[in-house]
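Asks: Sequence and predicted structure below; questions after.
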Amino acid sequence: MNALKGSSARKEAPHDISGTNFAAYRAGSVVLDYKNSTDLQPAERAILTSLQSKFRNKRILDIGVGSGRTTSHLLDISKNYIGIDYSPEMIKVCKERYPSVDFEVRDARSLSDIADDSFDLILFSFNGIDYVSHSDRMLILAEIARVLSKSGAFIFSSHNRNAKVRKPWDLSNLRRNPSGGPIFVPTSVLRYGIGIMRHSMRAKFETQTDEYAIINDPGNGYRLLTYYIGIRQQLQQLECAGFGDIQAFNRQGKQMQENEYNCCADGWIYYRCYAR
Ligand SMILES: C[S@@+](CC[C@H](N)C(=O)[O-])C[C@H]1O[C@@H](n2cnc3c(N)ncnc32)[C@H](O)[C@@H]1O
């Protein structure tokens, strides 16, 4: 852990991205975007299907639960479940959707009061780990490895540095009106302008290092500063944090081979690993 702290301090982005991202995940319009989502993504379905018998009735921690998209699927595996998120607004939605389930407003960077070996399966779904600084990411990975039981599994996804990221001025951000009339849908023109405006405020915080990049991407209308990492670098981080038997999956849920790491341009990659 000390060694990780040392390497992260050297490469820290000059701007702490977490303030910008925390504000975004508290915003009413962003919470609304997630409010009714329930479907698992294909890779999540593939990974969870392969693990469900092993983790039946085991202790599950769902970090960055958002509005509870993954909750019902994980409850099917075990009722011994808790969802956490640092956004009180997201947790409020979870509690409305699932009144009898345990949810807590908690920052993934503050797990220190949780005992070692407290959970058997931990998730940080849909790239939630990408919204903290590099040093906080390393802290979170080490803490997850600590609170996970021996042979417990950690599943998450993270943005792929090999992906092409659309700039806000890209015309594909504008939607054409299918029924004739004005060429573009007026709301998409408005969103286009807002996207460019937000980008002009956040672009100065973008960072490129050997290990990772921080990019203002289209997520939630160019509100966020997002961590992007190559597959090899992510595998190294997980090893440093104390995980083993690490496997990367593409967005369709196909297990990736080493020779595919450099050519996969999926927007994000899924990882499944075990505590050692
Ligand atoms: C992209 S959303 C995904 C939400 C949900 N997991 C899903 O798949 O629909 C990322 C979530 O991670 C949460 N998050 C980001 N950083 C966090 C942190 N440090 N601690 C706890 N939650 C965090 C955000 O509030 C947000 O709800």
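Replies: Sure thing, it's come through. Source: prediction; values computed, not measured.
Asks: all contacts plus neighbour counts: C-alpha atoms, from now on.
Replies: Noted.
Asks: residues from the protein in reach of the ligand?
Replies: For the chain, the contact set with the ligand under C-alpha under 6 Å from any ligand atom comprises 25, 64-66, 69, 85-87, 106-109, 125-129, 131.
Asks: do that again at 8 Å, thanks
Replies: Within the chain, the residues that sit near the ligand (C-alpha under 8 Å from any ligand atom) are 18, 21-22, 25-26, 31, 34, 37-38, 62-70, 84-87, 90, 105-109, 124-132.
Asks: Mind checking which of those are in helices?
Replies: When DSSP state H is applied, the residues of the chain next to the ligand are split such that 18, 21-22, 25-26, 31, 34, 90 fall in helices.
Asks: returning to that earlier point: give me the buried entries from the residues of the chain next to the ligand.
Replies: With burial judged by 16 or more other C-alpha atoms under 10 Å, the buried subset of the residues of the chain next to the ligand is 18, 21, 25, 31, 62-70, 84-87, 90, 105-106, 108-109, 124-132.
Asks: Out of the ones in helices among the residues of the chain next to the ligand, which comes closest to the ligand?
Replies: Among these, Tyr25 lies closest to the ligand (C-alpha to the nearest ligand atom), at 4.8 Å.
Asks: In strands, which of the residues of the chain next to the ligand fall?
Replies: 62-63, 84-85, 105, 124 (DSSP state E).
Asks: Now for the residues you listed: which two are most distant?
Replies: Val105 and Phe124 (14.7 Å; C-alpha to C-alpha).
Asks: that older thread, tell me which two of the ones in helices among the residues of the chain next to the ligand sit farthest apart.
Replies: Among those, Ser18 and Tyr34 lie farthest apart (C-alpha to C-alpha), at 19.4 Å.
Asks: What residues of stretch 257-271 count as buried?
Replies: Buried residues in stretch 257-271, counted by 16+ other C-alpha under 10 Å: 261, 264, 267-271.
Asks: how about it as PDB, C-alpha atoms only?
Replies: Written as PDB, here are the backbone C-alpha positions of stretch 257-271 (Å, rounded to 0.1, in the frame of the first residue of the first chain):
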ATOM      1  CA  GLN A 257      -6.900 -12.800 -24.500                       C
ATOM      2  CA  GLU A 258      -3.600 -10.900 -24.100                       C
ATOM      3  CA  ASN A 259      -3.300 -10.400 -27.800                       C
ATOM      4  CA  GLU A 260      -6.600  -8.500 -27.900                       C
ATOM      5  CA  TYR A 261      -5.700  -5.900 -25.300                       C
ATOM      6  CA  ASN A 262      -4.200  -3.400 -27.700                       C
ATOM      7  CA  CYS A 263      -6.800  -3.700 -30.400                       C
ATOM      8  CA  CYS A 264     -10.000  -3.500 -28.400                       C
ATOM      9  CA  ALA A 265     -11.600  -0.100 -28.700                       C
ATOM     10  CA  ASP A 266     -14.700  -0.700 -26.500                       C
ATOM     11  CA  GLY A 267     -15.500   2.300 -24.400                       C
ATOM     12  CA  TRP A 268     -15.000   0.400 -21.200                       C
ATOM     13  CA  ILE A 269     -13.700  -3.000 -20.100                       C
ATOM     14  CA  TYR A 270     -15.000  -5.300 -17.400                       C
ATOM     15  CA  TYR A 271     -12.700  -6.900 -14.800                       C
END
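Asks: any idea of the mean pLDDT in that stretch?
Replies: What stretch 257-271 shows for mean pLDDT is 97.
Asks: With stretch 109-120 instead?
Replies: On average, stretch 109-120 scores 98.
Asks: Quickly find the element holding Val189.
Replies: Following DSSP states H and E, one finds Val189 within helix 186-202.
Asks: by contact count, what packs against that helix?
Replies: helix 219-222 (3 or more C-alpha pairs under 8 Å, 6 or more residues apart in numbering; DSSP states H and E).
Asks: got the contact list for the helix it packs on?
Replies: For helix 219-222, contacts defined as C-alpha atoms under 8 Å, 6 or more residues apart in numbering pick out 30, 168, 191, 194-196, 198-199, 216.
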